[in-house]
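Asks: What follows is a predicted structure for the sequence shown.
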Amino acid sequence: MGGMGGALSDGIIKKIVLSYTYVAIWIFLSFTVIVYNKYILDKKLYNWPFPISLTMIHMTFCSALAFLLVRVFKAVEPVQMSRALYLNSVVPIGILYSLSLWLSNSAYIYLSVSFIQMLKALMPVAVYSIGVALKRDQFKSNTMLNMVSISLGVAIAAYGEARFDLWGVILQLGAVCFEATRLVLIQILLNSKGIQLNPITSLYYVAPCCLLSLTIPWLFVEFPVLREKSSFHFDFLVFGTNSVCAFALNLAVFLLVGKTSALTMNVAGVVKDWLLIAFSWSVIKDTVTPVNLIGYILAFLGVAYYNHSKLQALKAKEAQKKAPEADDEESGKLLEEREGESMGKKGESQD
């Protein structure tokens, strides 16, 4: 018994260590991509303010690498998917993903890293609101009150922002809305049909769709400007390493959610946001005001409460699932006992 207890505790410790490792990898890569994108797009730093082009470079790299892994090296099996399912499910998700990335990257031109992270705290509000609108979630007054508290915290943070830019805020809020809609649609269009995409197959199907949907705005918005800038040369070191980081982050997201849970990722996201705010203030020298911090602390408490509520709901669901199983086991035992008793009585009567 002692050996089994020791083995069990070792297994639990290993699971905890792996979970923290996945969280640490995701935080590191997410942190790196955000800071790297800010460096490339910011006019005061690398000064290459072309967010659509940057997103297209990422998607081209991800598409090519995913294609090689799926079709050439056969490292991953492709998902059986009809053309109708691809057009009706994957294409809308891909378009929303491309819009989310485009607007999110665009916001780095106008806003500080710390303020963007504060605005991203509105993600649970957007996911819940869209979920209710699409009848995916039930409206609950206490949850809505929680959403209002998060929104109020973000509003206070925005009020205290030293480098407030309305256009940048609109871009980031648009990115949050598109990303929230994408997350809800993944549940409705793919997961409900039993289709689970792993990191590679997800990029294999979604990345080319993102690339194609970004081509249209790129031709009208950025291509004419890039054509005029004849002095521009493609920096393979900067854009190559940036694309590798973006690809690795996509893998880390699916790895973290697959090996732990979406809830763990939400909690890890809060830790990452605080690290980015500290980095933005101490290294990049962005101004973080006391009002900023008060607002974000309020939003952070709201998000923490939301995550706690989700965890309690998941535990309640698991308990409900286990209850019928326990009842079935109990019924089985009673049936066995009764059969045993009846067999015993038969034996007595035969004697």
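Replies: That came through, no problem. Numbering: from 1, shown residues only.
Asks: where in the stretch 101-250 of the chain is pLDDT low?
Replies: 230-232 (pLDDT under 70).
Asks: Could you pull out the helices in it for me?
Replies: Per DSSP state H, counting those that start in this stretch, the stretch 101-250 of the chain carries helices over the ranges 113-119, 123-133, 141-159, 166-185, 199-221, 223-228, 236-259.
Asks: Save the ones you listed as a markdown table, and put in mean neighbour count and distance to Asn191 too.
Replies: Any C-beta I mention is one placed from the backbone N, CA and C, and that applies to glycine too. Listed next are the helices of the stretch 101-250 of the chain as a markdown table, based on neighbours: other CB atoms under 10 Å; distance: least, CB to CB, whole Å:
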| stretch | mean neighbour count | distance to Asn191 |
| --- | --- | --- |
| helix 113-119 | 25 | 27 |
| helix 123-133 | 19 | 13 |
| helix 141-159 | 17 | 21 |
| helix 166-185 | 19 | 10 |
| helix 199-221 | 19 | 12 |
| helix 223-228 | 11 | 37 |
| helix 236-259 | 17 | 12 |
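Asks: What helix or strand is Tyr36 located in?
Replies: helix 2-41 (DSSP states H and E).
Asks: Could you pull out the buried residues of that helix?
Replies: Residues of helix 2-41 classed as buried by neighbour count (16 or more other CB atoms under 10 Å): 19, 22-23, 25-41.
Asks: which SSE is the closest residue to Phe178 other than its chain neighbours in?
Replies: Counting by CB to CB, 6 or more residues apart in numbering, Phe178 lies nearest to Ser100, which is 4.0 Å off, once chain neighbours are set aside. Assessed by DSSP H and E, Ser100 sits inside helix 91-110.
Asks: Now do the contacts for Asp165.
Replies: Contacts for Asp165 (CB atoms under 8 Å, 6 or more residues apart in numbering) come out as 110-111.
Asks: which residues touch Val238?
Replies: Applying CB under 8 Å, 6+ apart, the residues contacting Val238 are 40, 46.
Asks: got it, and Leu18?
Replies: Taking CB under 8 Å, 6+ apart as the contact definition, Leu18 lies against Lys259.
Asks: thinking the residue nearest to Phe178 is in contact with Leu183, fair?
Replies: No: the criterion here is CB atoms under 8 Å, and Ser100 misses it with Leu183 at 9.7 Å.
Asks: if you skip the residues just before and after it, what's nearest to the residue nearest in space to the middle of the chain?
Replies: Compute the mean C-alpha point of the chain, and by CA atoms, centre = their mean the closest residue is Val253, 6.4 Å away. Closest residue in space to Val253, ignoring its immediate chain neighbours: Trp26 at 6.6 Å, by CB to CB, 6+ apart.
Asks: and that neighbour, what pLDDT?
Replies: pLDDT, Trp26: 91.
Asks: quick one: contacts for it?
Replies: With contact set as CB under 8 Å, 6+ apart, Trp26 has these partners: 249, 252-253, 255-256, 265, 268, 272.
Asks: and what of Leu96?
Replies: Counting by CB under 8 Å, 6+ apart, Leu96 makes contact with 178-179, 181-182, 185.
Asks: Dump those residues into CSV; add distance to Asp165 as well.
Replies: Converted to CSV, the contacts of Leu96 look like this (distance: CB to CB, whole Å):
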residue, distance to Asp165
Phe178, 19
Glu179, 20
Thr181, 24
Arg182, 25
Leu185, 30
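Asks: closest to Ala75 among those?
Replies: Nearest to Ala75 among the contacts of Leu96: Arg182, at 25.9 Å, using CB to CB.
Asks: Pretty sure that closest one sits against Ile93.
Replies: Yes: counting by CB under 8 Å, Arg182 touches Ile93, with 5.6 Å between them.
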